[in-house]
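Asks: missing the sequence, but the structure's below:
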C-alpha cells in the first residue's frame with residue numbers, strides 16, 4: 001500500500017463529523033506489554049467509539065511508511081500490521097491517535113522485542129607474537145537478558161569448530177560480561193575466528209581477526 005492509499009484508508013473512516021466529535025475515545029487491542037520476537041510482525045486493532053481519523057504513533061511520532069505499517073478497514077476502525085520488528089523497536093510505545101492531533105483516551109502497546117544475543121568484544125583484532133595470549137572482555141546483551149553456559153558457545157575458524165582448549169570463551173556463572181582467551185598462539189593460528197553464542201531466541205556472532213608474528217630470534221617464513 002502506497003502513502004496515498006494509506007492516507008485514503010485513514011480518511012475513509014471520517015464521516016464528516018465536526019471536530020467536537022473527534023475527541024471520542026479510542027482503543028488499541030491488544031494493549032499493555034506485548035512481546036514479539038525480532039523478525040516477526042505485530043498485528044493490532046485501533047477502534048473508535050465515534051467516527052474519526054485513525055493514525056498510529058510510535059513514541060509520539062506518526063508512522064507513515066507504508067512498507068512498515070499496513071492497514072485494513074474493520075468495523076469502527078483499522079486492523080494494523082507492523083512489518084518485521086527489530087531489536088531497535090524494543091521498549092517503543094505504540095498508540096492510536098486522531099489525524100488532526102486532538103488527543104483522546106487510549107491504551108498503549110509497550111513493545112518487548114526479544115532478540116538474539118549481541119556480542120561486543122573490547123578488541124576485534126590484534127597482532128600477537130607467537131607463543132603469546134590474546135584476550136578480550138566480551139559484553140553480551142539480549143532480550144530476555146541472556147544467561148550463558150559454556151555449552152552455548154562455539155568458536156570456529158575457516159568453518160571448522162575448534163575443540164582445542166587453547167581457545168576459550170570464559171563465562172562467569174552465566175554473567176553476560178565474560179571474556180575470550182586464545183593461549184600459546186602459533187603462526188598457523190593466524191586468521192579470522194567466529195564466536196557464536198546461542199540463546200533460546202537465536203545466535204549472536206562476532207568476528208575476531210588475529211595476525212600472528214614470529215619471534216625475532218627465530219623467524220622461518
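Replies: Everything's here; your move. Because the structure is predicted, anything quoted here is derived from the model rather than measured.
Asks: buried residues, the helix or strand containing residue 118. List them.
Replies: In the assignment (DSSP states H and E), residue 118 maps to strand 109-121. Across strand 109-121, burial judged by 16 or more other C-beta atoms under 10 Å covers 109, 111, 112, 113, 114, 115, 116, 117, 118, 119, 121. Heads up, the C-betas are built off the backbone N, CA and C, glycines and all.
Asks: and the most centrally placed residue in the chain, what does it touch?
Replies: Centroid-nearest residue in the chain, with C-alpha atoms, centre = their mean: residue 87, separated by 1.5 Å. Contacts here follow C-beta atoms under 8 Å, 6 or more residues apart in numbering; on that basis residue 87 touches 38, 113, 115, 118, 143.
Asks: closest to residue 193 out of the residues you listed?
Replies: residue 118 (17.7 Å; C-beta to C-beta).
Asks: the closest one touches residue 143, doesn't it?
Replies: No: Residue 118 lies out of contact with residue 143 (C-beta atoms under 8 Å); the separation is 9.7 Å.
Asks: quick one: the helices in the protein, in order.
Replies: Ranges of helices in the chain, per DSSP state H, are 3-11.
Asks: low-confidence ranges, it, go.
Replies: Low-confidence segments of the chain (pLDDT under 70): 1-26, 49-53, 98-106, 173-177, 217-221.
Asks: in stretch 54-68, which residues are buried?
Replies: Those would be 54, 55, 56, 58, 66, for stretch 54-68 by 16+ other C-beta under 10 Å.
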